[in-house]
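**Student:** predicted model, plus sequence, below.
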Amino acid sequence: MISMRSVDKHFGALHVLKDINLEVPAGQVVIVIGPSGSGKSTLCRTINRLESIDSGDIAIDGTPLPLEGKGLAMLRADVGMVFQSFNLFAHKTILENVTLGPIKVRKMNKKAAEELALSLLDRVGIAAQKDKLPAQLSGGQQQRVAIARALAMKPKVMLFDEPTSALDPEMVNEVLDVMTSLAREGMTMLVVTHEMGFARKAGDRVLFMADGEIVEDAPPEQFFTQAQSARARDFLGKIL
Ligand code: ADP
Ligand code: MG
């Protein structure tokens, strides 16, 4: 579902992704962890082309990433992304936040888009707040709306970049619970997170990144109990 072959990326002199090779089959949940600055966000952002790459190939469900235009818009619709900052449209209601993409990009009619949005808002437990503005919701609620908004595009893949890092601790689980149920329903997911409980419960595989490289790639239990590299063991020693 996600294929990256020999992907390299620089920011000026900084070699931020070094020969990344990654194949994620449909339905797999991949956890990405690693020190700050190791390239985790850049990895996510190249997958829906929010960042360009210098060389290599990226394909989603067998389709190479288009460079621009309509193809790129459709590709982005297939790859949902949820960021650390919730990035909702501040001046639109919760319902409008979720219907906008389906109407504009998927060309859905308003009524169908609203029905879809309501069912997704219900699924993430926010339907009662549909007429409010984002600022009237808690951080955890806003992040659940951001997930519903991404799902409304009927994506093939969901990318999450530290979706709970900006939340107060008591709101972390309400977001992780939504993500866990999505994982159980078979969504293909790439999740940058340091939430080890979630990684163990929902992850099929952990990638450990350091200095722009995938240093380890192992099932969660194996990674957490017997990491192979000194860099990974050192990192785990700091966060566990
Ligand atoms: P992570 O998400 O693992 O913390 P990032 O992918 O955000 O790491 O960043 C990797 C490196 O690339 C860091 O050194 C960061 O400062 C640098 N970087 C990220 N985005 C840019 C940018 N737009 N321009 C220049 N350097 C960047
Ligand atoms: Mg990051």
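**Tutor:** That came through, no problem. Model, not experiment: these values are computed from the prediction. Ligands and ions are numbered 1, 2, ... in the order given.
**Student:** and whichever strand or helix holds Gly237, how far from the chain's centre?
**Tutor:** In this structure, Gly237 sits in helix 230-239 according to DSSP states H and E. With CA atoms, centre = their mean, to the nearest Å as the basis, helix 230-239 stands 24 Å off its chain's centre.
**Student:** let me see the mean pLDDT of it.
**Tutor:** Averaging pLDDT along helix 230-239 gives 93.
**Student:** so that helix, near ligand 1 or not?
**Tutor:** No: Helix 230-239 stays out of contact with ligand 1 when judged by CB under 6 Å from any ligand atom, the minimum separation being 11.6 Å. The C-beta positions use only the backbone N, C-alpha and C, and glycine is treated the same way.
**Student:** how about that helix: buried residues?
**Tutor:** When neighbours are counted by 16 or more other CB atoms under 10 Å, the buried residues of helix 230-239 are found to be 231-232, 235-236.
**Student:** ditto for stretch 110-126
**Tutor:** Of all the residues in stretch 110-126, those buried under the rule 16+ other CB under 10 Å are 113-114, 116-118, 120-121, 123-124, 126.
**Student:** can you list contacts of stretch 91-108?
**Tutor:** Applying CB atoms under 8 Å, 6 or more residues apart in numbering, the set of residues contacting stretch 91-108 from outside is 73-74, 77, 88-89, 109-110, 112-114, 116-118, 120-121, 126, 129-134, 137, 145, 148-149, 152-154.
**Student:** sort out which residues of it are buried, please.
**Tutor:** Neighbour-count burial for stretch 91-108, with 16+ other CB under 10 Å as criterion, is recorded at 93-103, 108.
**Student:** could you check how far the residue with the largest distance to the centre of the chain is from Gly39?
**Tutor:** The C-alpha centroid of the chain is most remote from Lys111, which lies 27.9 Å away (CA atoms, centre = their mean). In this view, Lys111 and Gly39 are 43 Å apart by CB to CB, to the nearest Å.
**Student:** next: Ala90.
**Tutor:** For Ala90, the distance to Gly39 under the criterion CB to CB works out to 30 Å.
**Student:** what residues are bridge-paired with Val32?
**Tutor:** For Val32, the beta-bridge partners are Val192, Leu207 (DSSP bridges).
**Student:** in strands, which of the buried residues of stretch 91-108 fall?
**Tutor:** Cross-referencing these against strands under DSSP state E gives no overlap.
**Student:** now pLDDT and distance to ligand 1 too, for the residues you listed, in JSON lines please.
**Tutor:** Converted to JSON lines, the buried residues of stretch 91-108 look like this (pLDDT from 0 to 100; distance: CB to the nearest ligand atom, whole Å):
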{"residue": "Thr93", "pLDDT": "98", "distance to ligand 1": "31"}
{"residue": "Ile94", "pLDDT": "98", "distance to ligand 1": "28"}
{"residue": "Leu95", "pLDDT": "98", "distance to ligand 1": "32"}
{"residue": "Glu96", "pLDDT": "98", "distance to ligand 1": "30"}
{"residue": "Asn97", "pLDDT": "98", "distance to ligand 1": "25"}
{"residue": "Val98", "pLDDT": "98", "distance to ligand 1": "27"}
{"residue": "Thr99", "pLDDT": "98", "distance to ligand 1": "31"}
{"residue": "Leu100", "pLDDT": "96", "distance to ligand 1": "26"}
{"residue": "Gly101", "pLDDT": "93", "distance to ligand 1": "25"}
{"residue": "Pro102", "pLDDT": "95", "distance to ligand 1": "29"}
{"residue": "Ile103", "pLDDT": "96", "distance to ligand 1": "31"}
{"residue": "Met108", "pLDDT": "96", "distance to ligand 1": "33"}
